[in-house]
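Participant: from the sequence below, what's the structure:
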Amino acid sequence: MRILDAALMLIADHGVGGTSLQMIADAVGVTKAAVYHQFKTKEEIVIALTERELGRLDDALEAAEAEKSRTKAREVLLTRVIDMAIERRRAAATLQSDPVIVRLLAEHEPFQAYLTRLYGVLLGDASDENRVSAAMLSGAIGTAVVHPLVADVDDDELRTQLLILTRRLLALPE
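Facilitator: All right, here's what the predicted structure looks like:
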């Protein structure tokens with residue numbers, strides 16, 4: 001959807017607070033009313049962006065949940081999470097770092113339920129230890145794909161290194 005693509009680019013550049021519905025409309029080449037017709041607030045756009053990005057994991061999450069082997073399930077999902085983070089570097093960084101997005105998502109029950117499913121496969125139960133591990137894992141992957149230290153590392157090598165390191169963190173076979 002063009003509105004969401006434009007919103008993501010603007011939010012990545014200006015943050016949620018610095019992005020207006022008018023800016024999004026101008027980027028798409030429509031009126032503000034046209035944007036407002038689909039999304040009443042920036043918050044609705046943020047939620048739609050997050051749902052769209054996480055929707056890219058739906059197939060992998062369903063496959064992992066259907067997997068009989070917990071190790072295989074974790075591997076399937078972990079590989080897809082890393083692939084998506086690398087493919088969608090800018091989106092991953094934006095959705096994890098903007099304070100308005102972080103606050104909105106913390107309050108959005110469907111997002112929290114999705115994370116519970118996702119990290120349930122990767123880490124097991126929702127104990128405090130596992131939730132902290134999930135936050136570390138998410139932050140590590142999201143930060144690593146956009147960090148200036150790896151800007152010159154090609155996608156295949158970055159993928160390989162992230163898989164090795166996250167397998168260690170999750171105590172998975174390498």
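Participant: run through who's touching the lowest-mean-pLDDT helix or strand in the chain.
Facilitator: The helix or strand of the chain with the poorest confidence is helix 89-97; it has a mean of 79 (mean pLDDT, DSSP states H and E). Contacts to helix 89-97, defined as Cβ atoms under 8 Å, 6 or more residues apart in numbering, come from residues 8-9, 11-12, 49-50, 53, 84-85, 101-102, 105, 138-139, 141-143, 145-146. Quick note: C-beta positions are derived from backbone N, CA and C, even for glycine.
Participant: and that helix, what's buried?
Facilitator: Applying a neighbour-count criterion of 16 or more other Cβ atoms under 10 Å, one finds 89, 91, 92, 93, 94, 95, 96 buried in helix 89-97.
Participant: now the element after it, going C-ward?
Facilitator: helix 99-107 (DSSP states H and E).
Participant: just want the angle from that next one to helix 89-97.
Facilitator: Interaxial angle of helix 99-107 relative to helix 89-97 (axes from the mean of the first three to the mean of the last three Cα atoms, to 10 degrees): 70 degrees.
Participant: now do helix 99-107: distance to the chain's middle.
Facilitator: 13 Å (Cα atoms, centre = their mean, to the nearest Å).
Participant: what mean pLDDT would you report for that helix?
Facilitator: Across helix 99-107, pLDDT averages out at 87.
Participant: and it, what does it pack against?
Facilitator: helix 42-55, helix 89-97, helix 109-123 (3 or more Cβ pairs under 8 Å, 6 or more residues apart in numbering; DSSP states H and E).
Participant: format those as CSV; extra columns: distance to residue 165.
Facilitator: Output for the helices and strands packed on helix 99-107, formatted as CSV (distance: least, Cβ to Cβ, whole Å):
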stretch, distance to residue 165
helix 42-55, 22
helix 89-97, 16
helix 109-123, 14
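Participant: go through those helices and name the closest to residue 71.
Facilitator: Nearest to residue 71, of all these, is helix 109-123, at 11.1 Å by Cβ to Cβ.
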